[in-house]
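Peer 1: no sequence on hand, only this structure:
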């Protein structure tokens, strides 16, 4: 196939099928040969590899200068491969102050009005917004309103053919103070009962995360005179991590196992401990409070407590629930791949530290009972030491390997500690960039990371539980043709299949991020990761501390699948790789109902509709018929893909066409 119009090809490759995706950065998803060629051998002694007795080997399967410039879109996945989409409670639920929910650290971080809520640390409005919150005024107050609209969202999942949905349970909703001893919220428990039952009734398997960053605020309030709490950062009198929050988390987990374990068969204790601890200590994520904004100490204390909480929850599950319920449990950690910028030993060592200090920090203890040796040597006594009892508890505490992965970067050795103390400088030269400032794509980076996990941890079952690409869009029409995102998924899934077939890596599943555009943490509603465009129906929210007139509102949000949702839907149905540029594939793209929605024109030509999903109802499956629920349906021909005019709001009666809507 010919490269897409407007894309750049900086280096020609004869005899190779090359796909270029038009990016805002005007680069390819496969790294340019010019950059790849910089990986040349300069030689170094093993003593130069800080933290290692012997310098690591150059990571495979791609050697320096042999990086792919195209990806193969043929091949079939194992029949039991798990495909899914994911969300997180604070990012989609909304209803932040309804039905007894307690305040979370993200309510506090964003400046949501929590006055009077259980656990609140705000006494009067406007509540302060953390300076690290980029999108001032953006909160999870309403978000995607899924708390009220979960049934419609499940219908939307069904229309895409989704079979597996990963979501999280909000700890402060279920246990408002964080302590089960203070009481459990039955209304919250019933909500998750309803969501799980609705999923199962529609053939969708729930994958549940217990902690996706929304710590109950009551568990992090050192200023409480009668009951000070320190979240994940607490130590004993000797300075050893020993947080009361650990046992509170295990109590919360027990409630969830007992209530939902008859229907939930896959559990994740924590999502991305590195992110909520390292970035949460002053680098853009909650809690981001001054007393803990020291990345040289507090992330390591918090990380140790989180690992113990995870291991205790796993032990509880295995001892009391697993045999009767038949489920599995693990944790999901995240890591961007770090590739040596050259073949020099010092750069190989720096890149190895970049992965070990990120992923190995939380994964090594699960398999070896201790932190990476390189990390212990560099961080020193600031890294806590496992007691013999803790080591035995943590080792083996995962039934599978959960992995979130998004991007890749080059690493050059540095004499200075640099970011994460890896003594390496990261560059993303030559990689395409998403809307997010941190996200640079390279499908081959995922393959290398999967090989790294496979070799280091003895071929575990791996579930890639997140991966995605952010793109800007202010309207459904602008968001519709997200070829960059589709290309990202095509290249990454291609390399997953290569890792399975060619490298023998035991990858069991892939969950794309995310089901829909949602609250993107400190970036608020500025960035969009969803494969479904969400019209947040921006309006007034008086419970925010800034920009009150441009916030999500409930009851009138509209969901519109993007092209990437269609591509993923076909991938799930066929279980085979798909060429994202194929015109035949795009013509087959259909979003809803048996037989697929198609517009029939008077001249007999068939057009493909785009279906919008309103929060209070699902749309009819075809543009050509006027259902009372029909809303925001667009048609176009693939030969001339300009969107026709279409209504911006629904009416209860049949769709009233505007002048010019003569194609329907």
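Peer 2: Received it, and whenever you're ready, just let me know what you need. This one's a predicted model, so the numbers in the text were calculated from it and none came from an experiment. Numbering: from 1, shown residues only.

Peer 1: tell me which residues touch the nearest residue to residue 525 once chain neighbours are set aside, please.
Peer 2: What sits nearest to residue 525 in space, not counting adjacent residues and going by CB to CB, 6 or more residues apart in numbering, is residue 138, at 5.4 Å. (Each C-beta comes from the backbone N, C-alpha and C, glycine too.) Taking CB atoms under 8 Å, 6 or more residues apart in numbering, we find residue 138 in contact with 110, 519, 524-526, 544, 547, 551.

Peer 1: quick one: which of the residues you listed has the most company?
Peer 2: Neighbour counts for those, by other CB atoms under 10 Å, peak at residue 110, which reaches 30 neighbours.

Peer 1: I'd say residue 188 and residue 170 touch.
Peer 2: Yes. With contact defined as CB atoms under 8 Å, residue 188 counts as touching residue 170 (7.3 Å).

Peer 1: helix or strand for residue 308, which one?
Peer 2: Assigned by DSSP states H and E, residue 308 belongs to helix 298-320.

Peer 1: for that helix, buried residues please.
Peer 2: Within helix 298-320, the residues that qualify as buried by neighbour count (16 or more other CB atoms under 10 Å) are 298-314, 316-317.

Peer 1: that older thread, shared neighbours, residue 188 and residue 170?
Peer 2: With CB under 8 Å, 6+ apart, residue 188 and residue 170 have common neighbours residue 101.

Peer 1: quick one: which of the two has more around it?
Peer 2: For residue 188 versus residue 170, the count of surrounding residues by other CB under 10 Å is larger for residue 170: 27 against 24.

Peer 1: so where's the protein uncertain?
Peer 2: Per-residue confidence for the chain (pLDDT under 70) gives these ranges: 1-47, 583-664.

Peer 1: contact partners for residue 545?
Peer 2: Counted by CB under 8 Å, 6+ apart, residue 545 has contacts 110-113, 125-129, 136-137.

Peer 1: what strand or helix carries the closest residue in space to residue 164 that isn't next to it in sequence?
Peer 2: Distances taken as CB to CB, 6+ apart place residue 84 nearest to residue 164, at 3.3 Å, with adjacent residues excluded. Assigned by DSSP H and E, residue 84 belongs to strand 82-86.

Peer 1: ok, that strand: who's next to it in the sheet?
Peer 2: strand 164-168 (parallel), strand 507-513 (parallel) (DSSP bridges).

Peer 1: out of those strands, which gets nearest to residue 251?
Peer 2: Closest of these to residue 251 is strand 164-168, at 17.4 Å (criterion: CB to CB).

Peer 1: identify the farthest-apart pair in the contacts of residue 138.
Peer 2: 526 and 544 (14.9 Å).

Peer 1: of all the residues in stretch 264-279, which ones are buried?
Peer 2: Within stretch 264-279, judged by 16+ other CB under 10 Å, the buried ones are 264, 266-279.

Peer 1: measure how far it is from the centre of its chain, please.
Peer 2: Taking CA atoms, centre = their mean, to the nearest Å, one finds the center of stretch 264-279 at 11 Å from the center of the full chain.

Peer 1: surely residue 488 is in contact with residue 470?
Peer 2: No. Taking contacts as CB under 8 Å, residue 488 lies outside contact range of residue 470: 9.9 Å.

Peer 1: mind listing the shared neighbours of those two?
Peer 2: residue 434.

Peer 1: who has more neighbours, the two?
Peer 2: Taking other CB under 10 Å, residue 488 and residue 470 do not tie; residue 488 has more neighbours (29 against 26).

Peer 1: okay, and that one sits in which element?
Peer 2: Using DSSP H and E, residue 488 falls within helix 483-501.

Peer 1: packing partners for that helix?
Peer 2: Applying 3 or more CB pairs under 8 Å, 6 or more residues apart in numbering; DSSP states H and E, one finds that helix 483-501 makes contact with helix 443-457, strand 507-513, helix 563-574.

Peer 1: tell me how far the shortest one lies from the chain's centre.
Peer 2: It refers to strand 507-513. The answer for strand 507-513 is 11 Å, by CA atoms, centre = their mean.

Peer 1: what's the angle from it to helix 443-457?
Peer 2: 130 degrees (axes from the mean of the first three to the mean of the last three CA atoms, to 10 degrees).

Peer 1: and strand 507-513 with helix 563-574, angle?
Peer 2: Using the same axes, to 10 degrees: strand 507-513 against helix 563-574 is 150 degrees.

Peer 1: what's the helix or strand just after strand 507-513 packed up against?
Peer 2: Using DSSP H and E, the helix or strand that follows strand 507-513 in sequence is strand 532-535. Secondary-structure packing of strand 532-535 (3+ CB pairs under 8 Å, 6+ apart): helix 476-480, strand 558-561.

Peer 1: between the ones you listed, which one is nearest to residue 392?
Peer 2: That would be strand 558-561 among those, by CB to CB, at 47.4 Å.

Peer 1: neighbours around residue 282, how many?
Peer 2: Number of residues near residue 282 (other CB under 10 Å) recorded here: 18.

Peer 1: now do the spatially closest residue to residue 503 that is not a sequence neighbour against residue 407, distance only.
Peer 2: Nearest in space to residue 503, with sequence neighbours left out and distances taken as CB to CB, 6+ apart, is residue 451 at 5.6 Å. Distance, residue 451 to residue 407, by CB to CB, to the nearest Å: 17 Å.
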